[in-house]
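Visitor: Quick one, structure for this:
(one chain, ligands or ions: 1)
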Amino acid sequence: MMNPPHFDAVTPVYDALSRLVFGRRLEQAQTIWLPQIQDSASVLVLGGGTGALLGPLLDRQPGRLLFLEASRQMLARASLRLIREHLTGQVTFQHGTEQDLTPTDQFDVIILPFVLDVFTESTVRERMLPALLSALRPGGSLLITDFVRTDRRWQRTLLQVMIWFFRLTANIETRRLVNWQSLLSETRLSRAGQRPQVWGMVSAEWWR
Ligand SMILES: C[S@@+](CC[C@H](N)C(=O)[O-])C[C@H]1O[C@@H](n2cnc3c(N)ncnc32)[C@H](O)[C@@H]1O
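Guide: Modelled structure (predicted):
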């Protein structure tokens with residue numbers, strides 16, 4: 001793999017930019033399948049950014065919640081959010097990636113919120129999905145919300161602008177949006193639910 005992405009530099013403006021372009025739609029899209037999470041489930045959030053998902057997630061009362069983030073700045077913002085928003089519940093904030101998970105890290109639910117989109121097909125297929133599937137308990141769920149390829153020209157243009165913006169500012173490796181749905185269909189998981197979001201350019205999906 002090339003150098004990993006580093007979102008530290010964009011952290012201060014990340015949420016403002018996202019809301020400028022999409023309003024609260026990207027945040028709302030990530031909450032669609034949260035009701036699938038059972039009480040006391042062990043949950044991993046990979047690449048949760050500034051932690052917009054933490055409030056709705058803690059409402060589900062997970063037994064264990066690991067927030068694993070590759071950017072220290074994002075991680076710091078996410079942990080501050082607990083105090084700022086008076087959120088209650090136990091969260092472990094860990095700096096790292098899926099490659100830092102150990103064999104004892106086993107989860108009922110793994111959440112991937114707009115994180116696959118920064119990688120190439122080969123990284124997702126050969127590096128990320130194997131590590132994540134090893135950490136998913138039998139019968140467990142993967143909740144993925146991410147951009148999908150689209151035929152509408154303005155959406156394709158917007159996606160390319162975003163990819164190039166994050167290539168320049170966060171060193172993301174991809175040049176083209178990965179077809180993550182197709183890569184997931186090659187795994188042992190099957191899709192249990194799918195909802196188009198954000199004018200059809202995002203899909204919120206539940207795989208198990
Ligand atoms: C496009 S941002 C999305 C942030 C947040 N989920 C959101 O929707 O606002 C991708 C995030 O994933 C993090 N990230 C990238 N690769 C990662 C990895 N392999 N493991 C953990 N976090 C990762 C980045 O630091 C960044 O915060």
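
Visitor: Could you report the neighbour count for the nearest residue to residue 90 once chain neighbours are set aside?
Guide: In space, residue 90 comes closest to residue 65 once its chain neighbours are excluded; the distance is 6.6 Å by C-beta to C-beta, 6 or more residues apart in numbering. Quick note: C-beta positions are derived from backbone N, CA and C, even for glycine. Using other C-beta atoms under 10 Å, residue 65 is surrounded by 24 other residues.

Visitor: hmm, the helix or strand containing residue 65 touching the ligand?
Guide: Assigned by DSSP states H and E, residue 65 belongs to strand 64-69. Yes. Strand 64-69 lies within reach of the ligand by C-beta under 6 Å from any ligand atom, at 68-69.

Visitor: do stretch 91-105 as well
Guide: Yes. Against the ligand, stretch 91-105 shows contacts by C-beta under 6 Å from any ligand atom at 97-98.

Visitor: And that stretch, what's buried?
Guide: 91, 93, 97-98, 101, 105 (16 or more other C-beta atoms under 10 Å).

Visitor: Which elements pack onto the lengthiest strand in the chain?
Guide: Criterion DSSP state E: the longest strand present in the chain is strand 136-147. Strand 136-147 is packed against strand 107-113, helix 180-185, strand 202-207, with contacts defined by 3 or more C-beta pairs under 8 Å, 6 or more residues apart in numbering; DSSP states H and E.

Visitor: so does it get close to the ligand?
Guide: No. Shown here: strand 136-147 not in contact with the ligand (C-beta under 6 Å from any ligand atom), separated by at least 7.6 Å.

Visitor: Would whichever helix or strand comes after that strand count as contacting the ligand?
Guide: Remark: after strand 136-147, the chain's next helix or strand is helix 153-170, criterion DSSP H and E. No. On the criterion C-beta under 6 Å from any ligand atom, helix 153-170 is out of touch with the ligand, staying 6.8 Å away.

Visitor: what distance separates helix 153-170 from the centre of its chain?
Guide: When distances are taken as C-alpha atoms, centre = their mean, to the nearest Å, helix 153-170 is centred 18 Å away from the chain's centroid.

Visitor: Run through who's touching it.
Guide: For helix 153-170, contacts defined as C-beta atoms under 8 Å, 6 or more residues apart in numbering pick out 5-7, 9-10, 21, 118, 147, 149-150, 172, 174-177, 199-201.

Visitor: Buried residues of that helix, list them for me.
Guide: 155, 158-159, 162-163, 166, 169-170.

Visitor: ok, of the residues you listed, which one's closest to residue 84?
Guide: residue 170 (23.9 Å; C-beta to C-beta).

Visitor: was I right about residue 32 contacting residue 195?
Guide: Yes. Contact criterion C-beta atoms under 8 Å: residue 32 and residue 195 qualify, at 5.3 Å.

Visitor: which neighbours do these two share?
Guide: residue 204.

Visitor: So between these two, which is more surrounded?
Guide: residue 32 (19 against 13).
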